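**Student:** Take this sequence and fold it.
(4 chains)
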Protein chains: 4
Amino acid sequence: MTQALPKLGWIGLGNMGIPMVANLLAAGYDVTVYNRTLDKADALRAKGAQVASTAQELVSGVDIVITMLTDSATVEAVLFGEAGAAAAMRAGQTLIDMSTIAPETSRSIGARLRAQGIGFLDAPVSGSVKPATDGTLVILVGGDKELYETCSPIFRALGKASYHFGENGQGANAKLAVNLMLGITMQGLSEALVLAEKTGLDRQTVLDMFGQTAIASPILAMKTPSILAGHFDAAFALKHMEKDFGLALEAAKTAEASLPATSAAHQTFVAAKANGHGDQDIAVILLQLEAMSGINR
Amino acid sequence: MTQALPKLGWIGLGNMGIPMVANLLAAGYDVTVYNRTLDKADALRAKGAQVASTAQELVSGVDIVITMLTDSATVEAVLFGEAGAAAAMRAGQTLIDMSTIAPETSRSIGARLRAQGIGFLDAPVSGSVKPATDGTLVILVGGDKELYETCSPIFRALGKASYHFGENGQGANAKLAVNLMLGITMQGLSEALVLAEKTGLDRQTVLDMFGQTAIASPILAMKTPSILAGHFDAAFALKHMEKDFGLALEAAKTAEASLPATSAAHQTFVAAKANGHGDQDIAVILLQLEAMSGINR
Amino acid sequence: MTQALPKLGWIGLGNMGIPMVANLLAAGYDVTVYNRTLDKADALRAKGAQVASTAQELVSGVDIVITMLTDSATVEAVLFGEAGAAAAMRAGQTLIDMSTIAPETSRSIGARLRAQGIGFLDAPVSGSVKPATDGTLVILVGGDKELYETCSPIFRALGKASYHFGENGQGANAKLAVNLMLGITMQGLSEALVLAEKTGLDRQTVLDMFGQTAIASPILAMKTPSILAGHFDAAFALKHMEKDFGLALEAAKTAEASLPATSAAHQTFVAAKANGHGDQDIAVILLQLEAMSGINR
Amino acid sequence: MTQALPKLGWIGLGNMGIPMVANLLAAGYDVTVYNRTLDKADALRAKGAQVASTAQELVSGVDIVITMLTDSATVEAVLFGEAGAAAAMRAGQTLIDMSTIAPETSRSIGARLRAQGIGFLDAPVSGSVKPATDGTLVILVGGDKELYETCSPIFRALGKASYHFGENGQGANAKLAVNLMLGITMQGLSEALVLAEKTGLDRQTVLDMFGQTAIASPILAMKTPSILAGHFDAAFALKHMEKDFGLALEAAKTAEASLPATSAAHQTFVAAKANGHGDQDIAVILLQLEAMSGINR
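**Tutor:** Prediction:
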C-alpha cells in the first residue's frame, strides 16, 4: 500500500520556482501555488497546479509549504510581515525555504517556527534554470535530520542529489561555500581570458583548450557560448552573485575566516554592478575586467 | 610507403620527462636522452632509449631535440650556456621546448635559433605526472604553423590534444593563462573549504556536494583525496605554481592587464612558500589559508 | 549676560568617555554620568560629575544626552532596549551619539527620536585616548545644521575641530572614510616594514627615514615607538578597526563603491583577529603580516 | 686649510636632475653635465655648469660621476652599453646612481665597477620636483660605509637627510619600501574619497577634515589641491609608481614577503595605466577608482 504524498504549497514563481513546481507536479504531487503577481501561475495551472490568492490561504490547506524567493528580506516579509504566511500555519506543518538567504536569517526563522510547533528546513539549491527544469539541482539542507529524511522524496523530484549539513542555517552556509567557489571560478576564468586577449591569443582556441584541461568544470562549458557570442542574458544575474559574495564574506567575518581572493573577486563584482551589469549574467564579469584593462567594447 | 619517423633527442628527465619519453618509445620513435644526472635514464634504456653523455653529443645525431626543464634559467643554460646544445645544432634541425618558461624567453630563444637556421616551437603542456604517463597531456604550441603540423605526430604520442596559438612565445602565453586559472581554482576551492570549516560544515560532505555541482572540475576530483587525507605529496609543487603566477603577472603587467584575484591568490602562494610549503603539492594552499584563519594543525 | 550652559548627561565611560567627560567638566559643564559598571565613575565624581544609577534616571534631569559606546548593538540596546534611555526622554531634548556605528543605524535612530520630538546628532570622533584627553579630537557630525551649531560649544570643549557633513548618518559615513584610511595606512606601513625586513634593512633606520618623507603622517610617529619596542597595548584595539573596515565595506557595497585595497587590508585584519590579536593595538597587524611572510616571533 | 671639493660629472637632466645640479652648483661644486638631448643643459650652463658632449668625455675629467636616469635598462645602457660611461672610467673614481632601479641591478652594477676598482653607491631619493629644487630630498644609500661618508657633503647639498642602509642594493631596497608606502597611501586616500563621494559627503570638507587627523601626511597636503581641482599634471607620473610597485613586488617575491594590499593597489595602478593615465600624476589613481565605482567624468 502506497502512502499518500503530502500536499504541497509553493510560494515564489520566479525563473526557478516555475520549473521546480512543474517537476513536483510531474512526480505526482498535489501542489498549490501562490505568487505576488498571479499571472505567473497560469502555465502551472494548465499542468494541474491549484492557485491560492493569498499566502495565508495557501498555507491553510497543505502539509508542507515551500518558499523560493529573492532574498532574506523577502522571505522575512512573506513569512512574518503583514498577512504573513507563518501566522496562518499550525503545529505539525513543515516549511522548507529553498531561497538563498543569510545563515543567521535561516536560524532565526527556524527558531520562530519551532516555537509554533512548525518544522523548518533551509534547503537552498545549487544550479540555475536549466537544472531546475531538468530536475538535476543539488539541494543543500539544514535542519532536523529526521525531517530531512521525511522530505527527501520531494528533494528527489527536484534534484539529482541532496545533502544534510546539520542544523538550521547549515544549508545556507553550504550554499555560500559553493557559490563563493562559483563566483571565483567566473572571476578566474575572466582574468585568464583578459590575460590571453592582451597577449594576443585567440579566444575560441583558448576556450577550446581550457575545455580539455583539469579546469574544465561544467560552468566553463555552460558559459563558453555566451562568452564567445558576447551575449550576457542572465541565467544567474550578476547582482545575485554579488549579494552571495557579500553574504559569504559576512559569514566569514563572523566566523573569523580570512578570504583574500574571494574579497578581491567581490570588489570586481561590486564594480561591475556599479557599471550597470547587475542584471546581466555572471559571465559579464569578463566585460568589467576587460574595461579595467583598457578594453572597452 | 611509410615515411621514416624523425630521430628524437630528449633533454630533461624529471617527473614529466621520463613518462613522456616512454610514450614516444611506445609510439615507435628512436629516442636518445640526456640528463645532468644520468642514472635517471636507466629505466628508459631498458625500454629502448639510447643515452648520450653530453647535450652536445645528443643533438648531433638527431632530427628533433626536445627540452623539458625546470625554468627559464635552466633552458637558457642548457641551450646557450657553456657546452650548450645550441652551439652543436645545425641548420635544418628543430628544437621543441616543452618547459614552462617566460614568453619573452621563448621569443628570444626562437630568434636566436632561427638565426642559425634551426626551427623552434615553444610547446609547454597542461597536465602533470598522471596525464604525462597516460599520454593525455594538452600541448600548447607557439611557432611556425607548418613546423607545428610537421611535429603534430609527436604531440599526438604525448597528449590528447594540441593547439597552435601563433608565433613563438604564444604557447608560453597560453600556458600562463591556463595555469593562472588552475591556481585560482585551488585558491578558491581552499577559501570555500575554510569558510565551510569555520561555519561548522563537514568537509567530506562539502566535497561530495561540490563534486555534483557546476564547479566540479577534473582538478577538484584529482585533489579531493589528498585534501581529505591531509597528505600533500607534490604532483605539482606549490613553488612551481608560485613561479607561474609570477610569470603570468609579469606578462600581465607588460600587456597592461589588471588581474585582482590572480594577484590576491599569488600573494597567498608567496605566503605558503615563506611558511615552508614550497615543495608540497599546490593543494597545500589550503593549510596556508587555514593558518591565516587561525586553524593551526 | 552669559547664557547658562546646557546640562549634560553622559552614557558610556570607557577609555574614551572618561577623559572626554573630564574635559566637559573642565569647561564648566554640569555633567551627570551613567555607566553599566558604576565604579568607572569614581574619578569623575571627584572632578564634579554627578552619577545617575540608571540611564532613564540620567536623561530625566538634563538638556543634552551624549552616548559614547562600543557598537551599533550597544547603542540600540541602551537607547531602545529594556529600560532604554529613549523611552524616558522628552520632546525638546537632544541626543548626541559619539560612538562609531553603522550609518544606517544612525539614520534609523535619528528617525525614531525625531518622531518623539528629540533632536539627534551622530558625532563620532577621529582620535583615540590621547587626543580625547588633550581635547584635540576631530568630531564628525551628521544631523540638523542648526542643532549642530547650537551644540558646537560642546564639540569645542572636546576637540580641536568639528565638521558638519549633512543629515543623520553622514557623521558616521565620514568616520568610516577616515578610519578606512587609517587602517590602510597601518596595513601599508606594515607591508613596507615586512618588505624592508625581508630584504635586510634595519627597522629603526627605515622608520627614521620614513619620518623624513612625504608619508610621515602623525599616526606613523604615534606608532613608531610601539613597533620598535614590539609592545602592542591597545590605544585602538585591532578588533575595533576590523569592525570599522567591515562597516566601511558594507556601506561601500550598498553605495556601489569598489574598494580593492581596503578589502585586501580588511582580510588581513580578519586574519589577525582569528590569530588572537583582536585586543591588541592596530599596530599589531605587523605581526600578522610577518607571520604570513614566515617570520614567527 | 679647506680640502678642495671633488669635481662632479652628472648624467641625466630630467625634471629631477636639473634642479639637483643647480643645488650642487650653488654649493660650490664644479659640475660637468651630459644628457642625451643637450638642450636640456642650457639653463645649467648659465649657472656655471660645463657640458660634455658624450658620456665618455664627461667621466674622463671628474672625480665622481652621478647618474639620475629613468629605469634599470637606461642605467645599464648608459654605463655598459655602446660607448658606455663605465668603459671610460678608471680605478679610484666613484659612481653614484641616484635613479630608482631594481636592487639586483644595483648589486650587479656595483660588482662590475668594483672589479674595475671604481667605487659605487646606489643612492635613490625620496621626493619629487619640489624637494629636488628646495634641496630637501631624502637620500637612501647602499654601498661601502666609508665611501658613503666621503660623499655625504654631496648628499647634504641635495637633501635634508641621508641614510646608509648597508651594501649595494640596500639603498634601492629602502626606496622600494618607502615608495610602496607612498603608493598605498595614494590608493587608500582615493578609496576613502570614493566611499565618501558615493555616500554623499562633500569632498572639500572631507579633505579639510583628513588634514586635521592622524592620517595627515605631507603627501595628503601636497595632493589635496590637484584632487580638488581635478588637474593631474605629473609631479610623479603614475607609470613610474606602477613600475616601482612592480619592482617592490618582484623583490618581495624573491624575499618571500607576502604583501596583499600592495598587490591590490598595484593592480589598480596597472588598470589606470591601461586606461591611459600613465603620464598623469599618481593622484589620478582617484579617477581610475571612480571609474571602477561607476563614476565617469
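
**Student:** Run the angle between the strand or helix carrying A:Leu182 and helix B:170-198 for me.
**Tutor:** Secondary structure assignment for A:Leu182, by DSSP states H and E: helix A:170-198. Between the direction of helix A:170-198 and that of helix B:170-198, the angle (axes from the mean of the first three to the mean of the last three Cα atoms, to 10 degrees) works out to 170 degrees.

**Student:** got the residue ranges for the strands in chain A?
**Tutor:** Using DSSP state E, the strands of chain A run over residues A:8-11, A:31-34, A:50-51, A:64-67, A:94-97, A:119-122, A:125-126, A:137-141, A:159-164.

**Student:** Compute the distance from the centre of the fifth one to the centre of its chain.
**Tutor:** Distance, stretch centre to chain centre, for strand A:94-97: 15 Å (Cα atoms, centre = their mean, to the nearest Å).

**Student:** Residues touching it, excluding its own?
**Tutor:** Strand A:94-97 has contacts (Cβ atoms under 8 Å, 6 or more residues apart in numbering or on different chains) with A:63-67, A:69, A:75, A:79, A:85-86, A:89, A:106, A:109, A:113, A:118-124, A:147, A:150-151, A:154. Every residue, glycine included, has its C-beta placed from N, CA and C.

**Student:** for the longest one, same thing?
**Tutor:** With contacts defined as Cβ under 8 Å, 6+ apart, strand A:159-164 is touched by A:123, A:125, A:127, A:131, A:135-142, A:145, A:148, A:152, A:155-156, A:174, B:205, B:208-209, B:212.

**Student:** could you give the angle of that strand to helix A:170-198?
**Tutor:** Orientation check (the same axes, to 10 degrees): strand A:159-164 against helix A:170-198 gives 120 degrees.

**Student:** Parallel or antiparallel, which strands does strand A:159-164 pair with?
**Tutor:** As defined by DSSP bridges, the strand partners of strand A:159-164 come to strand A:137-141 (parallel).

**Student:** Please point out which parts of the strand it pairs with sit buried.
**Tutor:** For strand A:137-141, a neighbour-count test (16 or more other Cβ atoms under 10 Å in any protein chain shown) marks A:Leu137, A:Val138, A:Ile139, A:Leu140, A:Val141 as buried.

**Student:** Tell me how far the fourth one lies from A:Thr70.
**Tutor:** Same thing as A:Leu140. A:Leu140 sits 18 Å away from A:Thr70, going by Cβ to Cβ, to the nearest Å.

**Student:** Also the last one?
**Tutor:** When Cβ to Cβ is the yardstick, A:Val141 and A:Thr70 sit 20 Å from each other.

**Student:** What of the first one?
**Tutor:** Applying Cβ to Cβ, the value for A:Leu137 to A:Thr70 is 17 Å.

**Student:** Take the buried residues of strand A:137-141 and write them to a markdown table, including distance to C:Ala248.
**Tutor:** Rendered in a markdown table, the data for the buried residues of strand A:137-141 read as follows (distance: Cβ to Cβ, whole Å):
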| residue | distance to C:Ala248 |
| --- | --- |
| A:Leu137 | 36 |
| A:Val138 | 35 |
| A:Ile139 | 36 |
| A:Leu140 | 31 |
| A:Val141 | 35 |
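
**Student:** how about the residue sitting furthest away from the middle of chain A, what does it touch?
**Tutor:** Note on chain A: the largest separation between a C-alpha and the mean C-alpha position, by Cα atoms, centre = their mean, falls on A:Gly200 (37.0 Å). Contact criterion Cβ under 8 Å, 6+ apart gives B:Gly166, B:Gln170, B:Asn173 as the residues in contact with A:Gly200.
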